[in-house]
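*Asks:* one predicted model, sequence on top.
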Amino acid sequence: MKKVFCILLSVMLVLVSVIPANAWTFVDETRSQIPVIRISGDGEPLYNAEGERIMHFRGLLESNDEEEDGDDKIMDAVVNILMPFLREGILFNKWDNYYAALQTEISELFGEALLDNNGNPLPGTGLSQNKRNQMEQLKKTDKKIGKGYYAYNDYWFNYDWRLDPLAIADEFHEFVEAIKSTTNSEKVSIISSCLGTSVVTAYIAKYGMDSIHGIAFDGGVSYGAEALSESISGKFKVNGEAIERVLIDCANYGWFDVGDFILKTIALATASGLLDGVVGVTKITLYYRIAEGVTSALALSTFFTWPSYWSAVTSEDFDTALDYVFGEEGSEKRTQYAGLIEKIVNYDEVVRQHIPEIMQSIKDSGANLAIMSKYGSQLIPVCESADMVADQIASVYRSSFGATTTTVYETFSDKYIAEREEQGKAKYISPDRHIDASTCMFPDYTWFIKGATHSNWTTYEMKILYEVVTADKQLTIDDFDLSQFIVYDTENDTAEAMTAENCHTEAWETEQPKNLFERIKNFFVILIDWFRELIATIKKSETA
């Protein structure tokens, strides 16, 4: 864990220098006669040929401090990164060795999980043999036997989520046809989430809808995800308020607590304008000279040898992202990574450019459709869209296929809402006044759940999606006891229809000081609060 933070710190230093009464309880009332296939995103651990785990995101936070030479390795890594930066970059404006050192050191964290230059896995890496055996057994098992119906989690399709979604779509097609055959069913239904939505859209692009009764997209990224898209397309921006919000979210969800003093220090730096000033100086003096090289090194040493993650790049960012990561046409990296680029571009041409048509084809086929968009958590705090209403990874605009939203600090004006009322679209405005669902591709088939994080797939959203995709007709937002807008309580695991009274679930303040006087007042309030916390921290350390 030390190495992770030390290396990332060195990179950042370079960039900087540079149950309520109306609660809804889940009851599995639906008894579907249609098999349902679940496909999720990047949560399944991956292994090498020896059966050793090579990748799981929790593993990146596991400490290796027990190694005797751990501290020496950390220092070596930091030196290897910073020396070419200082000796060649700063002095002579030559950055290539710095980029190479950065990519080499970060790559060690991901090791065998990285794909080769053609976007292929290292031999023997991928799903565990046990998981592959389970998949083969599922293809031969009729889960309906003995209970008389199919549940929403009977048939899980697991896959190597690093790989090209178009290639995974072929495996998914085989799985669909096997389940149809085993269950003697004409069609199956699908509930997809996260990166699984990219596989499903690729599947539809290649195989159409003949085998599908209904499809659900839950927290999907097939229409893009700012956290992945903007991080490799030059839209880097340090946002102090967003950093505060994401740390508060982490503490609120019980992931980790950085402590009040650190939170108040960040708040003070933000209120004082210090972060804005540092970023401004960085951009003028250094950032623009090294941004593309650093982006490329970090991308190719972490997530972006994986074609799956490229599927979440937006159509607006795609060409720019290619240039940032691989250089312009004819560059050395374009040649070096030609095989990987071919997969990435092929997905763009076959799937990304045709998302609206692919989604419309679902409805045109007569299949049922359900879309679930999640929000209430801070988007990654170093991209330009950090103040968008989002679920940590993707904005509501993206995961809902087109909803109009405000920023996290704003709400729709009375005038805007009055105009929607005149148009007969008032019911599509969320009670917290952050979302207008009327502009979605399919507003009557799209639900929003506030308080459920991107990676928390609650039973409440599963109930809605399961019922829609297995129903004998298309169900809409008017067919459920919950409204189109749902509030989820993480602590108590309850859900209820959103109202003006229960909608403010954010762990952070939802209003920002507007005028100069309020901002000055806010700064001094934060400053005094910071000194109080500093004194309390000092006293605590003295008595420890």
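*Replies:* Everything's here; your move. Numbering: from 1, shown residues only.
*Asks:* enumerate every residue touching residue 35.
*Replies:* The contact partners of residue 35, by C-beta atoms under 8 Å, 6 or more residues apart in numbering, come to 143, 144, 150, 154, 155, 179, 180, 183, 185, 188, 189. For every residue, glycine as well, the C-beta is placed using N, CA and C.
*Asks:* sorry, that was for residue 452
*Replies:* Listed by C-beta under 8 Å, 6+ apart, the contact partners of residue 452 are 374, 376, 391, 458, 461, 488, 490.
*Asks:* what about it, which SS state?
*Replies:* Three-state assignment for residue 452 (DSSP: H, G, I helix; E, B strand; the rest coil): coil.
*Asks:* show me the contacts of residue 452 that map onto strands.
*Replies:* Counted as lying in strands by DSSP state E, out of these, are 374, 488.
*Asks:* buried subset of the contacts of residue 35 as a PyMOL selection?
*Replies:* In PyMOL, this line selects whichever of the contacts of residue 35 come out buried by 16 or more other C-beta atoms under 10 Å:
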select buried, resi 143+144+150+154+155+179+183+185+188+189
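*Asks:* which residues does the one helix or strand residue 449 maps to contact?
*Replies:* Using DSSP states H and E, residue 449 sits in strand 446-450. The list of residues contacting strand 446-450 from outside it, by C-beta under 8 Å, 6+ apart, reads 370-376, 396, 400-401, 403, 430, 432, 435, 437, 440, 458, 460-461, 464, 477, 482, 484-488, 495, 498, 503, 505.
*Asks:* could you rerun that using 6 Å?
*Replies:* 371-376, 400, 437, 440, 461, 464, 484-488, 505 (C-beta atoms under 6 Å, 6 or more residues apart in numbering).
*Asks:* can you list which of those are found in helices?
*Replies:* Counting by DSSP state H, the contacts of strand 446-450 place 461, 464 in helices.
*Asks:* export the contacts of residue 35 to CSV and tack on pLDDT, distance to residue 213 and secondary structure?
*Replies:* As requested, the contacts of residue 35 are arranged in CSV below (pLDDT from 0 to 100; distance: C-beta to C-beta, whole Å; DSSP: H, G, I helix; E, B strand; the rest coil):
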residue, pLDDT, distance to residue 213, secondary structure
143, 94, 16, coil
144, 94, 15, coil
150, 93, 11, strand
154, 93, 15, coil
155, 95, 13, strand
179, 97, 12, helix
180, 97, 11, helix
183, 97, 12, helix
185, 96, 9, coil
188, 97, 7, strand
189, 97, 5, strand
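*Asks:* what's the burial count for residue 387?
*Replies:* The number of residues packed near residue 387 is 19, by other C-beta atoms under 10 Å.
*Asks:* and the gap between it and residue 453?
*Replies:* 18 Å (C-beta to C-beta, to the nearest Å).
*Asks:* quick one: low-confidence ranges for the chain?
*Replies:* Filtered on pLDDT under 70, the chain yields the residue ranges 1-30, 55-102, 104-105, 237-240, 242, 244, 248-249, 251, 253-291, 507-544.
*Asks:* if we can go back for a sec, top of the contacts of residue 452 by number of neighbours, please.
*Replies:* Using other C-beta under 10 Å as the neighbour test, these are led by residue 374, with 32 neighbours.
*Asks:* for the contacts of residue 452, which one is nearest residue 445?
*Replies:* Here the nearest of the contacts of residue 452 to residue 445, counting by C-beta to C-beta, is residue 461; it sits at 13.7 Å.
*Asks:* grab the nearest non-local neighbour of that closest one.
*Replies:* residue 372 (4.9 Å; C-beta to C-beta, 6 or more residues apart in numbering).
*Asks:* could you do residue 140 as well?
*Replies:* Excluding the flanking residues, the one nearest residue 140 by C-beta to C-beta, 6+ apart is residue 182, at 5.9 Å.
*Asks:* likewise residue 31?
*Replies:* Counting by C-beta to C-beta, 6+ apart, residue 31 lies nearest to residue 149, which is 3.7 Å off, once chain neighbours are set aside.
*Asks:* what about the one you found? Give its phi and psi, please.
*Replies:* Per-residue torsions, residue 149: phi -160, psi 170 (degrees, to the nearest 10).
*Asks:* just checking, it touches residue 36?
*Replies:* No - using C-beta atoms under 6 Å, residue 149 is not in contact with residue 36; the gap is 10.2 Å.
*Asks:* more neighbours: which of these two?
*Replies:* It is residue 36, of residue 149 and residue 36, that has more neighbours when counted by other C-beta under 10 Å, with 24 against 14.
*Asks:* what distance do you get for that one to residue 316?
*Replies:* Residue 36 sits 34 Å away from residue 316, going by C-beta to C-beta.
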